[in-house]
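J.: have a look at this prediction, sequence included:
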Amino acid sequence: MVGPPGTGKTLLAKAVAGEAGVPFFSMSGSDFVEMFVGVGASRVRDLFEKAKTKAPCIIFIDEIDAVGRARSKNPAMGGNDERENTLNALLTEMDGFGTNSGIITLAATNRADMLDSALLRAGRFDRQIHVDLPDLNERKEVFMVHLKPLKLDESVDVDFLARQTPGFSGADIANVCNEAALIAARFNREKVGKQDFLDAVDRIIGGLEKKTKVMTEAEKKSIAIHEAGHATISWFTEFANPLVKVSIVPRGRALGAAWYLPEERVLQTKEAMLDEMCSLLGGRAAEELFIGHISTGAMNDLERTTKQAYGMVAYAGMSDKLPNVCYYNQQEYTFQKPYSETTAKLMDEEVLKMVNEQYERAKQILTEHKDGHAQLAQLLVEREVIFADDVERIFGKRPWTSRAEELIEAQQRAEAEAMAERRAKELEAKANGSSDDTNQSDSAEDSENSETNN
């Protein structure tokens, strides 16, 4: 089983152990790694010897990358590598000269790229099961599991919570529920409400609120203008993520933040990525236009923008001068780039051009909507936190429908059609039942009349 941390690989193994109805051996990869020579290989042999006596059975090795790491190409560098001996013993036991019938081996890791190719061949680990991060419907199901022990308010909407937590793993969702319960208990509430969950999500993503941080009015206004810049650009770019709220309350290391509802797109287009870059650069552009000087507040935005631009140019082949070329190097331990110095210089130029184009575009959008931006910044200074409804009152309704809204509408339409079809079938069955009753009563009357005549 391969997947990111917290997606439930070990939980799946536990479920298999509970439902398989056969002996289950659970080990961690680090149990085989020992400083003494030969101990790891000996433990592998002992495990499989014990499993043979209990066959049919299942062996589960958690974090197998601790023992199954790819073997070194130059063994002369380090004397006797104990981990390699352990791996060799594991390879022999799983599919070597002797046969181990009736033993199924499960393993879990989040670093499948590090594993030895001999371990992943057919006959040893035949199948790789990818346990990915949960999507919208799966997050809803995970929430239903973790919400069972909590006393919930009527305001809690599971669909809304699932939409508010894109990219969260199962462990993160469990943490959200736990954090929400702690926040409710801190304020002596008898039930956990919707606001507690929103505060829990904010705390997990952004960190702890620091309302005690002292700031001057000028600093506060500067942060408000920066965050209002992000909000304005995201409102007027088609593929930018829909805005949820904007805050100038310091959280963790951030002095302010614009919170979005990320679109979980299956495919990312060039236009969508450029819109996202433009939205990220909106804060710096607002500072330059409306304050007259720039600050270090945009460092995180610039870092994310630059990374995304390099990804588009070097890996996705989305630049004008280097189209349809991917310079991805999968070999982890090579010290050579898969492109020349001339290409590297061309990449830098393309990235700079792409970022500057989006920066100019951000400045143009802000200039067109400078009155609305000023209102938004002033509202932020007064209230510290504003929501999408406040932005809609200033700028009007957003011209584009978000992907999440489209999916929800499609799901509601499908549910309504299914309900209408079910209702039609029920009415048809009822109508058929009543006609049968009428026919039976008619036949009963006919038989009574015939008896009377006789």
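T.: That came in fine, so what should we check first? Keep in mind that this is a model prediction, so the values were computed, not measured.

J.: are we agreed that Ile104 is in a helix?
T.: No. Applying DSSP: H, G, I helix; E, B strand; the rest coil, one finds Ile104 to be strand, outside a helix.

J.: these two touch, right, it and Phe60?
T.: No. When contacts are counted by C-beta atoms under 8 Å, Ile104 is not listed as touching Phe60 (9.4 Å). No exception for glycine: its C-beta is placed from N, CA and C like everyone else's.

J.: what about the strands in the chain?
T.: Secondary structure of the chain (DSSP state E): strands at 24-28, 57-62, 103-108, 243-247, 257-260, 385-387.

J.: adding distance to Asn324, mean neighbour count and mean pLDDT, write those strands out as JSON lines.
T.: Formatted as JSON lines, the strands of the chain follow (distance: least, C-beta to C-beta, whole Å; neighbours: other C-beta atoms under 10 Å; pLDDT from 0 to 100):
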{"stretch": "strand 24-28", "distance to Asn324": "45", "mean neighbour count": "17", "mean pLDDT": "87"}
{"stretch": "strand 57-62", "distance to Asn324": "42", "mean neighbour count": "20", "mean pLDDT": "90"}
{"stretch": "strand 103-108", "distance to Asn324": "37", "mean neighbour count": "21", "mean pLDDT": "90"}
{"stretch": "strand 243-247", "distance to Asn324": "34", "mean neighbour count": "22", "mean pLDDT": "83"}
{"stretch": "strand 257-260", "distance to Asn324": "31", "mean neighbour count": "21", "mean pLDDT": "81"}
{"stretch": "strand 385-387", "distance to Asn324": "42", "mean neighbour count": "17", "mean pLDDT": "86"}
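
J.: how close does Ile64 sit to Met94?
T.: Per C-beta to C-beta, to the nearest Å, Ile64 is found 11 Å from Met94.

J.: what do these two both touch?
T.: Leu119 (C-beta atoms under 8 Å, 6 or more residues apart in numbering).

J.: these two - which one has more neighbours?
T.: Set side by side, Ile64 and Met94 show more neighbours around Ile64, with 27 against 19, by other C-beta atoms under 10 Å.

J.: gap between the residue nearest to the more buried one when sequence neighbours are not counted and Lys321?
T.: Excluding the flanking residues, the one nearest Ile64 by C-beta to C-beta, 6 or more residues apart in numbering is Ala107, at 4.1 Å. Remark: distance between Ala107 and Lys321 (C-beta to C-beta) = 45 Å.

J.: with Gly170 instead?
T.: 43 Å.

J.: count the residues that sit near Val37.
T.: 11.

J.: was I right to think it contacts Arg83?
T.: No. In terms of C-beta under 8 Å, Val37 does not count as a neighbour of Arg83; the distance is 11.6 Å.

J.: just give the nearest non-adjacent residue to Lys151, would you?
T.: Among residues not flanking Lys151 along the chain, Lys191 sits closest, at 4.8 Å (C-beta to C-beta, 6+ apart).

J.: so that neighbour sits against Leu147, correct?
T.: No. Under the criterion of C-beta under 8 Å, Lys191 lies out of contact with Leu147, with a separation of 11.8 Å.

J.: name the residue in those two with the higher neighbour count.
T.: Legend: neighbour count by other C-beta under 10 Å for Lys191 and Leu147, higher for Leu147 (19 against 13).

J.: separation between the more buried one and Ala416?
T.: For Leu147, the distance to Ala416 - C-beta to C-beta - is 26 Å.

J.: low-scoring stretches of the protein, by residue?
T.: 35, 72-81, 96-100, 264, 329-335, 402-405, 407-408, 434-454 (pLDDT under 70).

J.: count the residues that sit near Gly18.
T.: Gly18: 9 neighbours (other C-beta under 10 Å).

J.: distance check, it against Leu280.
T.: On the measure of C-beta to C-beta, Gly18 and Leu280 end up 46 Å apart.

J.: and if you look at Ala181?
T.: Per C-beta to C-beta, Ala181 is found 34 Å from Leu280.

J.: those two: which has the busier surroundings?
T.: Neighbours of Ala181 and Leu280, each counted by other C-beta under 10 Å, are more numerous for Leu280; the result is 27 against 20.

J.: from what I see, the more buried one and Thr305 are in contact.
T.: Yes. Leu280 lies in contact with Thr305 (C-beta under 8 Å); the separation is 4.9 Å.

J.: residue ranges of the helices in the stretch 351-454 of the chain, please?
T.: 370-383, 388-395, 403-453 (DSSP state H, counting those that start in this stretch).

J.: could I get stretch 315-324 in PDB with only the CA atoms?
T.: Extracted in PDB, the C-alpha atoms of stretch 315-324 (Å, rounded to 0.1, in the frame of the first residue of the first chain):
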ATOM      1  CA  TYR A 315       8.200  20.100 -16.200                       C
ATOM      2  CA  ALA A 316       4.900  21.000 -17.800                       C
ATOM      3  CA  GLY A 317       6.300  22.400 -21.100                       C
ATOM      4  CA  MET A 318       4.000  25.500 -20.800                       C
ATOM      5  CA  SER A 319       6.500  28.300 -21.900                       C
ATOM      6  CA  ASP A 320       6.700  29.900 -25.300                       C
ATOM      7  CA  LYS A 321      10.400  29.200 -26.000                       C
ATOM      8  CA  LEU A 322      10.500  25.700 -24.400                       C
ATOM      9  CA  PRO A 323       7.200  24.200 -25.400                       C
ATOM     10  CA  ASN A 324       6.300  20.500 -24.900                       C
END
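
J.: how far does it sit from its chain's centre?
T.: Averaging C-alpha positions (C-alpha atoms, centre = their mean, to the nearest Å) puts stretch 315-324 27 Å from its chain's average.

J.: ok, residues contacting that stretch?
T.: The set of residues external to stretch 315-324 that reach it, using C-beta under 8 Å, 6+ apart, is 270, 273, 312-313, 325-328, 343, 346-347, 349-350, 354.

J.: repeat that for 6 Å
T.: 270, 312-313, 325-326, 328, 346, 350 (C-beta atoms under 6 Å, 6 or more residues apart in numbering).

J.: wait, Gly229 sits on Arg284?
T.: No. Contact criterion C-beta atoms under 6 Å: Gly229 and Arg284 do not qualify, at 7.7 Å.

J.: give me every residue that touches Val44.
T.: Contacts of Val44 (C-beta under 6 Å, 6+ apart): 89-90, 93.

J.: would you mind measuring from the residue nearest to the spatial centre of the chain to Arg43?
T.: Most central in the chain under C-alpha atoms, centre = their mean is Gly167, positioned 1.7 Å from the mean C-alpha point. Distance of Gly167 to Arg43, computed by C-beta to C-beta: 38 Å.

J.: I figured Val142 hits Gly170, correct?
T.: Yes. Assessed by C-beta under 6 Å, Val142 is found in contact with Gly170 at 5.1 Å.

J.: contacts only, for the closest residue to Thr86 other than its chain neighbours.
T.: Among residues not flanking Thr86 along the chain, Gly40 sits closest, at 3.4 Å (C-beta to C-beta, 6+ apart). With contacts defined as C-beta under 6 Å, 6+ apart, the neighbours of Gly40 are 32-34, 82, 86.
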